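1. The amino acid sequence is not available; the structure is as follows:
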């Protein structure tokens with residue numbers, strides 16, 4: 001009852017169900033839903049008339065039905081108010097605000113809110129587009145994206161949210177509710193923000209849509225600052241929903257963000273012409289326990305991180321002289337493991353292609369462990385999952401980031 005059609009479609013798609021059935025019978029079409037609402041109210045009124053005049057007790061019964069309907073409506077209104085507070089940190093848009101990005105005082109229940117940063121000097125202007133010379137760094141690294149991190153303070157930036165929805169056709173004329181999925185947004189660190197030095201704003205075409213919460217900003221500030229300091233734009237996708245009441249905007253923005261440790265690799269790509277294989281399902285690396293002298297330097301203090309590893313075609317020579325190819329995993333030029341015969345077979349055609357065109361194949365690998373041991377899990381698409389366009393448009397170099405020293 002309390003999900004929009006778009007939200008429900010996302011839930012069904014996530015669990016593998018067909019979202020198309022949500023729109024059967026005209027659901028989600030404003031004209032049909034309006035007509036259905038009028039029909040429901042008309043039938044309800046006729047039912048009350050029949051009950052009222054059917055018997056002496058009908059009047060009391062009709063009054064009870066009306067009272068119950070009133071209580072249900074009030075309950076829905078209270079729930080909506082609760083969602084407004086919890087989804088958007090209780091911000092109410094001030095219709096007299098001069099423009100997005102200017103300092104403003106936001107009130108909740110008559111008390112000023114100070115724990116959510118608001119764009120203000122001396123932070124950079126928020127009405128400037130992202131420079132075209134910067135490189136986009138997609139924090140998802142190619143994983144499937146699901147908007148999982150809540151943004152706060154949306155109601156302070158209603159104009160920008162309206163503009164984003166209208167630009168994507170989600171808030172057309174005559175409609176007061178809209179949502180858009182997969183909106184490309186920029187994550188901007190604001191170390192000079194007077195309210196929080198870890199503040200991270202979520203921006204669409206240079207306009208602030210909201211901020212990560214104080215807790216999330218603290219978690220994400222290190223990898224995002226590294227990306228930005230390297231001359232890149234930290235990009236993510238977002239879902240934006242809003243209900244426009246004219247003088248007030250109910251809004252919710254969520255951003256797709258992985259765990260902070262899985263956003264930026266701990267090492268740099270090797271020298272030479274490299275190409276980054278598309279992110280794929282997890283593949284266990286074998287014999288990494290024999291190379292802890294190398295891996296131990298890269299195990300983060302919190303026990304989890306992401307690495308850029310190179311993939312190489314090597315061969316075993318069996319006792320009968322038969323040669324069997326396999327994939328060797330190297331970290332900064334040093335062997336750290338290999339893949340089994342079965343998983344190697346899925347990747348060898350890709351390596352043969354990259355070798356033929358003079359490129360070194362790279363992939364992301366998740367590292368977990370401690371000062372005692374480490375484990376590697378490779379994430380690389382199989383040869384059957386690589387498109388012809390990807391092969392034809394190479395190389396696909398990894399983004400260049402400032403190097404973090406190993407432990």
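-> That came through, no problem. A quick note: this is a predicted structure, and the numbers were derived from the prediction, not measured.
2. Run through the stretch 301-407 of the chain and note the low-pLDDT ranges.
-> 404-407 (pLDDT under 70).
3. mind listing the strands for it?
-> Taking DSSP state E, counting those that start in this stretch as the criterion, the stretch 301-407 of the chain carries its strands at 304-317, 323-331, 334-338, 360-369, 374-379.
4. How far does the shortest one sit from its chain's centre?
-> Spelled out, it's strand 334-338. Put simply, strand 334-338 sits 32 Å off its chain's centre (CA atoms, centre = their mean, to the nearest Å).
5. now for that strand, which elements pack on it?
-> Counting by 3 or more CB pairs under 8 Å, 6 or more residues apart in numbering; DSSP states H and E, the packing neighbours recorded for strand 334-338 are helix 292-295, strand 323-331. Quick note: C-beta positions are derived from backbone N, CA and C, even for glycine.
6. Please name whichever of those is nearest to residue 172.
-> Closest of the helices and strands packed on strand 334-338 to residue 172 is strand 323-331, at 51.0 Å (criterion: CB to CB).
7. And that closest one, what's buried?
-> By neighbour count with 16 or more other CB atoms under 10 Å, strand 323-331 contains the buried residues 326-331.
8. Now do that strand against strand 334-338, angle only.
-> Orientation check (axes from the mean of the first three to the mean of the last three CA atoms, to 10 degrees): strand 323-331 against strand 334-338 gives 120 degrees.
9. Paired strands for strand 323-331, with orientation please.
-> strand 304-317 (antiparallel), strand 334-338 (antiparallel) (DSSP bridges).
10. Give me the contact list for that strand.
-> Applying CB atoms under 8 Å, 6 or more residues apart in numbering, the contact partners of strand 323-331 are 267, 285, 288, 294-295, 298, 307, 309-318, 335-341, 343-344, 347-348, 351, 365, 376, 378.
11. could you flag which of these are buried?
-> The buried subset of these - by 16+ other CB under 10 Å - is 267, 285, 288, 294-295, 298, 307, 309-313, 335-339, 343-344, 347-348, 351, 365, 376, 378.
12. where does the protein dip in pLDDT?
-> Residues of the chain that meet the cut-off, pLDDT under 70, sit at 1-7, 9-10, 13-14, 16, 19-21, 23-34, 76-134, 173-174, 404-407.
13. one more time with 80
-> Residue ranges of the chain with pLDDT under 80: 1-41, 44-67, 69-134, 171-175, 246-247, 403-407.
14. and the helices and strands packed on strand 334-338 as a markdown table, adding distance to residue 74?
-> As requested, the helices and strands packed on strand 334-338 are exported to a markdown table (distance: least, CB to CB, whole Å):
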| stretch | distance to residue 74 |
| --- | --- |
| helix 292-295 | 60 |
| strand 323-331 | 61 |
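15. which one of those lies closest to residue 158?
-> For the helices and strands packed on strand 334-338, proximity to residue 158 was assessed by CB to CB; strand 323-331 is nearest, at 48.0 Å.
16. so how far is the closest one from its chain's centroid?
-> On CA atoms, centre = their mean, the centre of strand 323-331 falls 34 Å from that of its chain.
17. tilt between it and strand 374-379?
-> 110 degrees.
18. tell me the helices in this structure, going along the chain?
-> Remark: helices assigned in the chain by DSSP state H are 5-14, 30-54, 58-87, 158-167, 214-229, 292-295, 341-356, 388-392.
19. tell me the most buried of those helices?
-> helix 158-167 (a mean of 20; mean count of other CB atoms under 10 Å).
20. Now do it: everything it contacts.
-> For helix 158-167, using CB under 8 Å, 6+ apart, the contacting residues are 93, 97, 99-100, 154, 171-172, 178-180, 183, 204-205, 207-209, 240, 242, 244, 249, 251, 253.
21. Contacts only, for residue 376.
-> Counting by CB under 8 Å, 6+ apart, residue 376 has contacts 284-285, 288, 295, 307, 309, 329, 336-337, 365-367.
22. Over to residue 142?
-> By CB under 8 Å, 6+ apart, the contact set of residue 142 is 278-279, 364.
23. now these: which count as buried?
-> 278, 364.
24. Please produce CSV containing the contacts of residue 142, extended by distance to residue 57.
-> Output for the contacts of residue 142, formatted as CSV (distance: CB to CB, whole Å):
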residue, distance to residue 57
278, 70
279, 68
364, 72
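25. From the contacts of residue 142, pick the one nearest residue 143.
-> For the contacts of residue 142, the nearest to residue 143 is residue 279 (5.5 Å; CB to CB).
26. Angles on the backbone of the closest residue in space to that closest one that isn't next to it in sequence, please.
-> Distances taken as CB to CB, 6 or more residues apart in numbering place residue 142 nearest to residue 279, at 3.2 Å, with adjacent residues excluded. With angles defined as degrees, to the nearest 10, residue 142 sits at phi 100, psi 0.
27. Go ahead and confirm residue 280 touches residue 383.
-> No. With contacts counted by CB atoms under 8 Å, residue 280 stays clear of residue 383, the gap being 10.4 Å.
28. what does the domain assignment say about the protein?
-> Per automatic domain parsing, the domain ranges recorded for the chain read 5-87, 107-261, 274-392.
29. Relative to residue 401, tell me which of the ones you listed wins on proximity.
-> For those, proximity to residue 401 was assessed by CB to CB; domain 107-261 is nearest, at 4.5 Å.
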